[in-house]
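A.B. asks: Based on what follows, work out the 3D shape:
(chains A and B)
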Amino acid sequence: MRRKFATFSPFFLILALLLAACGGASDNGGSTGSNGSNGNNGVSQQGIASGNHYINCPGSTNTTAADPEKDTVTLTVSGWTSTPAEDALVQKNLQSFEASHPNIKLKWSPITGDYPTKMRANVASNNVADVFYLQPSMSSSYISAGKLLNLSPYMAKGGVKAEDYYSALINPFTCTSGQVYGLPKDWNSLGVFYNKKLFKDAGVTAPAAGWTWSDMQKDAQKLTKNAGQSNATYGITLPADMSRWGAFLLANGGSVLSKDGTKATFNNPAGVQALDYYNSFFKNKTGILPTTVGASYSGDAFGKERAAMVIEGGWLIPYLHSTYANTQYGIAPMPTSNSGKQANLTFTNAWAASASTKHAEASWELIKYMTGSTVQESQLNAGFALPALKSLANAPYFTSHPDVKVLFDAASYSYADYYGPQDATIHTDLSNAIDAVVLNKQTSQAALDDAATRINSQLQNG
Amino acid sequence: MATQPARPLSTLTDQPGPRLKPAHKAMAKKRSETIAAYLFLAPYLFVLLVFSLFVSIYGIGLSFFRIDMGFTGPTFVGFKNYIQLFSQLANPGLSDFWTSMGNILKFTVFVVIFQTILALVMALLLHSIKRGRGTFRTMFYVPAVTSSVATSLIFLWLYNSEGVINFLLSLVGVHGPDWLNDVFWALPALMLLNVWSTAAMFMIYFLAALQDLPTDVLEAAEVDGAGRFQSFWYITLPLLRPTIFLVVALGTIGAFQMFDQAKFMTNGQPLNSTLTPMLEIYNEAFLNGGFGQAAAMSVILFILIFMVTILQRRFIDTGSRQ
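C.D. replies: Here you go, the predicted model:
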């Protein structure tokens, strides 16, 4: 036995060395700022947003803006690409930035595949681009761990105000004290897409601004044909998805979390009523899950004319043009709830800079340009997404595209579809609750109570 | 054995040499052979140590910490991750991890039983035909060499509520369910796919074992008047015992670690009915940033697989241990 150990001892030695090496490496993770608001150290109010109660500010961050560098610098820029056309536009905008900023060179290296997971690996290995796209689901861990450049001092210096952007759009990228760590590059909201032909055939007037929850139910009733049969057309297709039902919850005066983000509040009467309403389409057989009619998602069921209405965002427009070009559709705003309130969800991404960038000022220049009105209007004109700047509310494009304007006008009554550090759990558990109800496994109250129990335990244990 | 660890490695070069060599010279030769063996093994040993042993030990260590890799540094929490998981047993229906454990137990029992039977039946059929064995073997083996993502995508279409399977069912007047979105049918649908795609690989194990069986015993049984079924039941099957153990053990380990189909086809839905422990571990680590908690789940899963394998060895492999 002793000889055996002696033979293997070199390997144990190597193993011990490896363990030691890795133990040392994992220490530099940074610390979470547990002390919520640590003031803004005299940064002009201009660069400060109203503040996000769900995200702790980092323990330490830059409070001043760096000066411009004299030498030529090169920035690495990262993000993802959804379509070749969109990538071409991003590259074109990056090139025009280089043309107007001769001493800043850019290296665009998009990440393919699962962006948050790959970025996480890059962060863990300290290999992050200078400037990159930030999703709301990423922002709380990145901001609280001090991984991002505080943009507030630069905004104050560069004359960019937080209120230039709609608050639901900038809010996911700020922390409790209102420091801004990312600027929204574009966004989308939800709208009710309706099939004009199916509406006409059924003799239903097209939905318009000011329509209500009960209008929607009645229309769905009239539009449903042959329910339950293989050739059925339904009034509406709704996914079991928190990112759709949330708009109904908020319109009914409910909320997902308490104001400080420590407790689930969606299982109160307003929430139960909102879920009962969502489920009424399934109960009355006037609405279906997209998969019930063999569609991959709601937009697919709508394009196949298996449903006359669908609740989706602006991303459905290019999809319909390329896949179901013959669909005659219109876009109506989300209906008003029985309490007279209207609500919508925003889906947005931001440009942010790494806290460890060696060229902070140049990074800021790029973010300022890419979130400025020239680039945002170019994206709007290409039909990719809505501009996050209030100043573009009357862009010429909206005159020729009133449907897109309907989506844009939701900005004033929208909320970010984002709920702090436990965002992933909250989305999954609430979507499961919706699924349980529409599949008739649980009542709205029971399903929401279960989800609240799960989410509360996650909020407490982190 | 304990004093000569390198003996099995050197049997290849262990030619019977001149007996009269001085003892220390033989020792030196043995030693240089041992060193050579380790040198040849070094690249693989290095990979094994770094990517298997080190990673496993690191993972066990991780389960005692609270850490979000890259974002927050490690905080030692002792057994808190485990305590938290086991305290969820009070209400397992509301716990993703224990829901996934329940799912995987059902999944494993079904898949292992049916894939072993299917593999054995296919192997027996192939073994008994004389012509075209190679062709059929290739055909049966195709699922095993096809990428699991590709088969997942194909089955996504087959299982579609208006897909091929439901069309065939409608021909015989059965209204098929929306397989992958039905809380009851989603897991069985994944089980069937798994049985189909893994049975082929285990068929090869059985086929190799069947071709290796001693013919004299079977002939003796025939002489004694045993029928085909009797000789299969009393002779072939007991002789296949080590292979059955191997297939069941490997099948169990594979089934417990099911991830790809659950991730690509259903993502654990509907209502967590296809959530597997591997998927839950992945979600906990990479979506929620709970690497310590995820590591604790992996350790629990490892212990479970380890115990099940030992139990199987006791019950199935009794014959070959003697």
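A.B. asks: Sketch out the strands for the stretch 251-400 of chain A, chain order is fine.
C.D. replies: A:287-288, A:307-313, A:329-332, A:344-353 (DSSP state E, counting those that start in this stretch).
A.B. asks: So which of those strands is nearest chain B?
C.D. replies: Counting by Cβ to the nearest Cβ, chain B lies closest to strand A:287-288 out of the strands of the stretch 251-400 of chain A; the figure is 10.1 Å. The way it works is simple: take the backbone N, C-alpha and C, and place the C-beta from them, glycine included.
A.B. asks: which residues touch that closest one?
C.D. replies: Outside of strand A:287-288, the residues within contact range by Cβ atoms under 8 Å, 6 or more residues apart in numbering or on different chains are A:220, A:234-238, A:281-282, A:301, A:306-307.
A.B. asks: One more: stretch A:76-87?
C.D. replies: With Cβ under 8 Å, 6+ apart, stretch A:76-87 has contacts from A:90, A:94, A:106-112, A:115, A:119, A:128-133, A:318, A:366, A:382, A:384.
A.B. asks: redo that, cut-off 6 Å
C.D. replies: The set of residues external to stretch A:76-87 that reach it, using Cβ atoms under 6 Å, 6 or more residues apart in numbering or on different chains, is A:106-111, A:115, A:129-133, A:384.
A.B. asks: Could you find the closest non-adjacent residue to residue A:169?
C.D. replies: residue A:184 (4.2 Å; Cβ to Cβ, 6 or more residues apart in numbering or on different chains).
A.B. asks: The spatially closest residue to residue A:239 that is not a sequence neighbour: neighbouring residues, count only.
C.D. replies: Among residues not flanking residue A:239 along the chain, residue A:298 sits closest, at 5.4 Å (Cβ to Cβ, 6+ apart). Neighbours of residue A:298 under the rule other Cβ atoms under 10 Å in any protein chain shown: 25.
A.B. asks: Look up how far residue A:310 lies from residue A:298.
C.D. replies: Using Cβ to Cβ, to the nearest Å, residue A:298 is found at 5 Å from residue A:310.
A.B. asks: what residues are shared contacts of those two?
C.D. replies: Common contacts of residue A:298 and residue A:310 (Cβ under 6 Å, 6+ apart): residue A:237.
A.B. asks: Now do the longest helix belonging to chain B: distance to the chain's middle.
C.D. replies: When chain B is parsed with DSSP state H, its longest helix is helix B:96-128. On the basis of Cα atoms, centre = their mean, to the nearest Å, helix B:96-128 sits 10 Å off its chain's mean C-alpha point.
A.B. asks: quick one on the thing from earlier: now for the contacts of stretch A:76-87: which two are most distant?
C.D. replies: Distance extremes for those: the farthest pair is A:130 and A:384 at 23.8 Å, using Cβ to Cβ.
A.B. asks: Neighbour count for these two, which is higher?
C.D. replies: residue A:130 (23 against 20).
A.B. asks: Let me know the pLDDT of the more buried one.
C.D. replies: For residue A:130, the model assigns a pLDDT of 92.
A.B. asks: and the residue nearest to residue A:169, that's in a strand?
C.D. replies: Yes - counting by DSSP: H, G, I helix; E, B strand; the rest coil, residue A:184 is part of a strand.
A.B. asks: Please identify the helix or strand for residue B:152.
C.D. replies: Assigned by DSSP states H and E, residue B:152 belongs to helix B:148-158.
A.B. asks: could you give the angle of the helix or strand just after that helix to helix B:148-158?
C.D. replies: As assigned by DSSP H and E, the chain's next helix or strand after helix B:148-158 is helix B:164-171. Orientation of helix B:164-171 against helix B:148-158 (axes from the mean of the first three to the mean of the last three Cα atoms, to 10 degrees) gives an angle of 30 degrees.
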